[in-house]
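**Student:** take a look and give me a structure for this.
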Amino acid sequence: MSLGEALRRPLYRIYEDRLQRALDRSRLPRHIGVIHDGHRRFARAAGLPDYASSYRAGMDKVVEFLGWCRDLEIPAVTCWLLSQENLSRPSAELEPYFEVLAGLFERLPTEPGAAGMRIRVIGSVDLLPAPLKEAAARLEQRAPAGERRLTIALAYAGRQEIVDAVRDLIGDLASAGMTAGEMAGHVDADALAAHLYTADLPDPDLVIRTSGESRLSGFLLWQAAYAEYSFVDVYWPAFRRVDFLRALRDFGRRERRFGR
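**Tutor:** Numbers count the residues shown, from 1 in each chain. Below is the predicted model of the structure:
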């Protein structure tokens, strides 16, 4: 740690405490979605020897972030840890990340920040290599219940989720013996929402994306229609509690109109 960092740390703690005390707990989000962006750029900027070092730092940050959410009693968190598009990256980048993800899944149920959470994995999990699929399945089995919810999006694409929801809905209507003409009268927003991966969760109130990118990239396209967004300049492995508290402060100041 540099001398400058050592001097800044106490100041940041004071600032964090002030931010947290100023939060209106009645205006905190019920469901936060997070796009954990910037691992590779962080590795290059920090001069790390490989991407795996950055991936490990990022997954440590996920665990830390869940602790922050626990402290503030945030009921639901959805973490987008791997997009479907990410699967087209070179295997030299993907394989270390898969290993780091599997390690995260093994440790999560024992982490204090994830205590009392029901954990589910959503996305096109069948596209993943067998060891990672098995690690994801074990994670769900080890955390099947809890008042708070953690949803992990893996090989996830928002458009694919909507396509899957339409297929499931049409399949249910067909199983009920409906004709194509009859089905049309049963396809509406509520029916489709009931077939989304996150049908048992409230829609996200706040979506945070790190690394300075100002786009959703398909994350929870349907569910986040009326969410508030916080685009943070820092890379995910460098995301700080003070950044999180600022996002919550700004969220609490916004007037949410839900399209009205």
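**Student:** C-alpha from now on. contacts and neighbour counts both.
**Tutor:** Will do.
**Student:** give me the neighbour count for D172.
**Tutor:** Residues within reach of D172, counting by other CA atoms under 10 Å, total 14.
**Student:** shift numbering so it begins at 37
**Tutor:** Happy to do that; since the first residue is 37 now, the last one works out to D208.
**Student:** mind telling me what element it is part of?
**Tutor:** D208 is located in helix 194-211, with elements delineated by DSSP states H and E.
**Student:** quick one, what contacts the closest residue to Q259 other than its chain neighbours?
**Tutor:** Counting by CA to CA, 6 or more residues apart in numbering, the nearest residue to Q259 once its immediate chain neighbours are dropped is D239, at 5.1 Å. Contact criterion CA atoms under 8 Å, 6 or more residues apart in numbering gives 67, 259-260, 263 as the residues in contact with D239.
**Student:** quick one: which of those is the most crowded by neighbours?
**Tutor:** Most surrounded of these: other CA under 10 Å gives H67, at 21 neighbours.
**Student:** how much space between G69 and Y87?
**Tutor:** As defined by CA to CA, to the nearest Å, G69 lies at a distance of 24 Å from Y87.
**Student:** with D53 instead?
**Tutor:** When CA to CA is applied, the distance between D53 and Y87 equals 33 Å.
**Student:** D269 and S250 touch, don't they?
**Tutor:** No. The pair D269 and S250 does not pass the contact test of CA atoms under 8 Å, sitting 9.4 Å apart.
**Student:** what's the spacing between the spatially most central residue of the chain and F267?
**Tutor:** With distances taken as CA atoms, centre = their mean, the residue of the chain nearest its centroid is C115 (1.6 Å). As defined by CA to CA, C115 lies at a distance of 15 Å from F267.
**Student:** for the following helix or strand past the helix holding D208, give the mean pLDDT please.
**Tutor:** Following the chain from helix 194-211 toward its C-terminal end, the next helix or strand by DSSP H and E is helix 216-220. Per-residue pLDDT values across helix 216-220 average out to 89.
**Student:** name the helices or strands packed onto helix 216-220?
**Tutor:** Here helix 216-220 touches helix 194-211, going by 3 or more CA pairs under 8 Å, 6 or more residues apart in numbering; DSSP states H and E.
**Student:** buried sites along the helix it packs on?
**Tutor:** Using 16 or more other CA atoms under 10 Å as the test for burial, helix 194-211 gives 194, 197-198, 200-202, 204-206, 209.
**Student:** likewise for stretch 139-151?
**Tutor:** Taking 16+ other CA under 10 Å as the criterion, stretch 139-151 shows 140-142, 144-145, 149-151 as buried.
**Student:** ok, so of those residues, who is nearest V157?
**Tutor:** Of all these, the one with the least separation from V157 (CA to CA) is F141, at 10.4 Å.
**Student:** which non-adjacent residue is nearest that closest one?
**Tutor:** Taking CA to CA, 6+ apart, and ignoring the residues beside it in sequence, F141 has L175 as its nearest neighbour in space, at 5.7 Å.
**Student:** name the helix or strand for the one you found, please.
**Tutor:** Under the criterion DSSP H and E, the helix or strand holding L175 is helix 166-178.
**Student:** one more: Y265?
**Tutor:** Short version, using DSSP H and E: Y265 is in strand 264-267.
**Student:** now do that strand, average pLDDT.
**Tutor:** Mean pLDDT, computed over strand 264-267, is 97.
**Student:** just the residues contacting that strand, thanks.
**Tutor:** Contacts with strand 264-267, where a contact means CA under 8 Å, 6+ apart, come from 241-250, 283, 287.
**Student:** from these, which land in strands?
**Tutor:** Secondary structure assignment (DSSP state E) places 242-245 from these within strands.
**Student:** who's in contact with E100?
**Tutor:** Remark: with contacts taken as CA under 8 Å, 6+ apart, E100 is in contact with G149.
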